[in-house]
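>>> Kindly generate the corresponding structure for this input.
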Amino acid sequence: MSLIDEARARTEKLQERMAGAGISHALFTSESSIAYLAGFWGYLGIEFGRPTLLVVPADALPTVITPLMESEMVSEMTWVNQVRTWEDSGQNTWGRALSGTLPEIPGELWIERSDAPAIVRNFLDDRFPDTVLRDIGPILGEMRMIKSPLEISVMRQAGEVASAMMKAAHGSLEEGATEYESALAVIDAGTRAAAGFLTDAGWERFVSPLIHNLQILQSGKDTAMVHRRASVKRYARFDPVYFCFCNMAQFKQYKLGFDRMFHIGDVTDEMARVQEAAIDAQQAAIAAIRPGVRAEDVAAAANAVYAERGYETGYRTGRSIGVAYLEAPELKAGDHTVLRPGMTFAVDGGISLEGRTAGRIGDSIVVTEDGCEYLTDYPRQVLVTDR
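As a prediction, the model looks like this:
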């Protein structure tokens, strides 16, 4: 079975659930949900009033609504036969196309409340003022928790791509080199690794191997600035350097979390202590992961290490990953979800000492029948460059 075949099967499963719950129509607007159900996605990466929509009735075939200029590619990528187009000017608007796929006056409509763009919410409020908008997110989110063997195999490939990226990041580090040169090395290595898994035939010919998005990278005194981007800063001896691939490590729309901290030439005692604590906290969390354990208990295992070493606990220890960077459940206090085989998580260790240094590490794992397995791989230790 291909990813496209699985997307169709997922949609049919969703329709069964909708029918059982008395849900007539669901509207999907997020790129991740559309990829999960319809098997395609775009590469614009920005929202500027040109929505692509997926309408799923409980008892009829779904419909994709997309801009005319993207329709040819969309039609080739998706299994959905009904593709309605709209144009930026004239009478053929996306609103008219959407209205034509819904009941004339729906009593209720299920949407992704947290992901629906404002332009779509405003249209629905104006066009259907008496319609109750309900949240389809939790229903689809529960389906997305458990990955199929095919999904896990794709995520393993994403892990190989990410590992090539991290190896290139490490190899780029030396005194006097710049952050942006490291980012270029990461992009090059990841793109070449991803290309090795692709063909130019069928659905895959629309899958770009190119690693994109701005590289999250901090070095020196800025390492506590969690999401700073690569700059023209040059590395100096003793600099800690933090690479986060959480918005870059992906393949065929499946995302991973992957982080490492390196040290240029040497490492101070304080930096080593902080990094070792972050690693130990992450490893305690990963050791706790197995079926039957609650998500919050995994976070508690990491938090115990932070407390023992005298550091503050972070917001969370990990998050579910898949076709989105953040899915449900999360490894944090208060999340009572019981872990099951096939769940996939990014599991982090993180400490920030503002204005001084930081310790960070992150890997992605899949829950197995008796524990978990890594999807990403690179040494889990204090990493010091030799140049």
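>>> So for the residue positioned nearest the centre of the chain, what's the nearest residue that isn't a sequence neighbour?
Centroid-nearest residue in the chain, with Cα atoms, centre = their mean: residue 325, separated by 1.8 Å. Of all residues not flanking residue 325 in the chain, residue 255 sits nearest, at 4.9 Å (Cβ to Cβ, 6 or more residues apart in numbering). (C-beta placed from N, C-alpha, C; glycine too.)
>>> Can you get me a residue count around the one you found?
By the criterion of other Cβ atoms under 10 Å, residue 255 has 25 neighbours.
>>> Break down the stretch 101-250 of the chain into its helices, ranges please.
All helices of the stretch 101-250 of the chain, identified by DSSP state H, counting those that start in this stretch, fall at 118-127, 137-144, 149-171, 179-195.
>>> got TSV for these, with mean neighbour count too?
What follows is the helices of the stretch 101-250 of the chain, written out as TSV (neighbours: other Cβ atoms under 10 Å):
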stretch	mean neighbour count
helix 118-127	14
helix 137-144	17
helix 149-171	20
helix 179-195	20
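>>> can I get those in JSON lines with mean pLDDT and distance to residue 72?
Compiled in JSON lines, the helices of the stretch 101-250 of the chain are given as follows (pLDDT from 0 to 100; distance: least, Cβ to Cβ, whole Å):
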{"stretch": "helix 118-127", "mean pLDDT": "94", "distance to residue 72": "23"}
{"stretch": "helix 137-144", "mean pLDDT": "97", "distance to residue 72": "27"}
{"stretch": "helix 149-171", "mean pLDDT": "98", "distance to residue 72": "25"}
{"stretch": "helix 179-195", "mean pLDDT": "98", "distance to residue 72": "24"}
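>>> Of all those, which one comes closest to residue 368?
helix 149-171 (9.9 Å; Cβ to Cβ).
>>> If you count contacts, what does that closest one end up packed against?
helix 3-21, helix 179-195, strand 250-251, strand 254-255, strand 259-263, strand 357-367 (3 or more Cβ pairs under 8 Å, 6 or more residues apart in numbering; DSSP states H and E).
>>> among the helices of the stretch 101-250 of the chain, which is nearest residue 318?
Relative to residue 318, the nearest member of the helices of the stretch 101-250 of the chain by Cβ to Cβ is helix 149-171, separated by 14.9 Å.
>>> tally of neighbours for residue 386?
Around residue 386 there are 6 other residues, counting by other Cβ under 10 Å.
>>> hang on, it is in a helix, isn't it?
No: read with DSSP: H, G, I helix; E, B strand; the rest coil, residue 386 is coil and lies in no helix.
>>> ok now do it, which residues does it touch?
For residue 386, the contacting residues are residue 265, by Cβ atoms under 8 Å, 6 or more residues apart in numbering.
>>> same deal with residue 24?
With Cβ under 8 Å, 6+ apart, residue 24 has these contacts: 18, 57, 58, 103, 106, 108.
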